[in-house]
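Asker: this one's structure only:
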């Protein structure tokens with residue numbers, strides 16, 4: 001079983017990690033601004049599915065998975081960087097304006113946001129490497145490792161989903177207070193952030 005002291009330390013660390021904005025929070029906020037809570041929550045669902053997948057990979061053995069992938073892992077990193085840059089450019093160049101009059105998102109639209117959240121989160125393999133280095137620090141090596149990692153992973157997902165939901169709620173409320181022009185400006189700023197994040201990821205390919 002997980003040591004209570006280590007678990008408390010993990011929960012504390014997880015909270016502070018969750019509140020730090022990154023590409024995933026950026027796209028969650030952008031989607032919540034443009035389409036309300038359903039857009040934001042759809043993105044959150046996709047992001048947490050991606051985190052669970054990453055945790056499963058860590059539980060199976062991160063080094064073994066990377067060894068099997070070989071150079072494909074580098075290509076995955078580059079594809080992820082390209083996707084973030086593409087998404088950022090798309091947001092920056094959006095000249096049609098944001099249509100945020102309605103919170104209604106049909107089933108297909110919701111799935112699109114889920115897929116987008118999944119892809120943006122998976123687009124950063126550095127997150128996988130980080131989880132691989134972070135989670136084992138709180139493991140009791142005298143006990144089976146994989147179940148402990150999965151428990152820690154579920155706690156991680158819970159924290160990230162909660163904090164992400166707070167960002168989505170705040171963005172959804174803000175869109176009712178801001179003008180369309182200001183929301184559009186925030187959307188372009190979010191796009192710029194994704195471009196910078198993608199460029200940074202591409203430059204880290206030797207890391």
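Answerer: Great, that's in hand. Values in this document were obtained by computation on a predicted structure and should not be read as measured data.

Asker: Pull the distance from the helix or strand harbouring residue 127 to the chain's centre.
Answerer: Element membership for residue 127, per DSSP states H and E: helix 125-134. How far helix 125-134 lies from its chain's middle: 13 Å, per Cα atoms, centre = their mean, to the nearest Å.

Asker: For that helix, could you pull out the residues that count as buried?
Answerer: The neighbour-count check on helix 125-134 (16 or more other Cβ atoms under 10 Å) flags 125, 127-129, 131-132, 134 as buried. Yep, even glycine has a C-beta here, placed from its N, CA and C like the rest.

Asker: which helices and strands does the helix or strand just after that helix pack with?
Answerer: Later in the chain than helix 125-134, the nearest helix or strand by DSSP H and E is helix 145-175. Using 3 or more Cβ pairs under 8 Å, 6 or more residues apart in numbering; DSSP states H and E, the elements in contact with helix 145-175 are helix 4-19, helix 23-69.

Asker: Arrange those in CSV, one row each, with distance to residue 201 as further columns.
Answerer: Listed next are the helices and strands packed on helix 145-175 as CSV, based on distance: least, Cβ to Cβ, whole Å:
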stretch, distance to residue 201
helix 4-19, 18
helix 23-69, 9
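
Asker: Return the most buried member of those helices.
Answerer: Across the helices and strands packed on helix 145-175, averaging neighbours per residue (mean count of other Cβ atoms under 10 Å) puts helix 23-69 on top, at a mean of 21.

Asker: how far is that one from where the chain is centred?
Answerer: 4 Å.

Asker: Measure how that helix sits relative to helix 125-134, angle-wise.
Answerer: Helix 23-69 runs at 70 degrees relative to helix 125-134, counting by axes from the mean of the first three to the mean of the last three Cα atoms, to 10 degrees.

Asker: Which strands or helices does helix 23-69 pack on?
Answerer: Using 3+ Cβ pairs under 8 Å, 6+ apart: helix 23-69 touches helix 72-92, helix 107-122, helix 125-134, helix 145-175, helix 180-203.

Asker: what's the closest of those helices to residue 10?
Answerer: helix 145-175 (6.2 Å; Cβ to Cβ).

Asker: average pLDDT for stretch 140-160?
Answerer: Taken as a whole, stretch 140-160 has a mean pLDDT of 86.

Asker: In it, which of the residues would be classed as buried?
Answerer: So, applying 16+ other Cβ under 10 Å, buried residues of stretch 140-160: 148-153, 155-157, 159-160.
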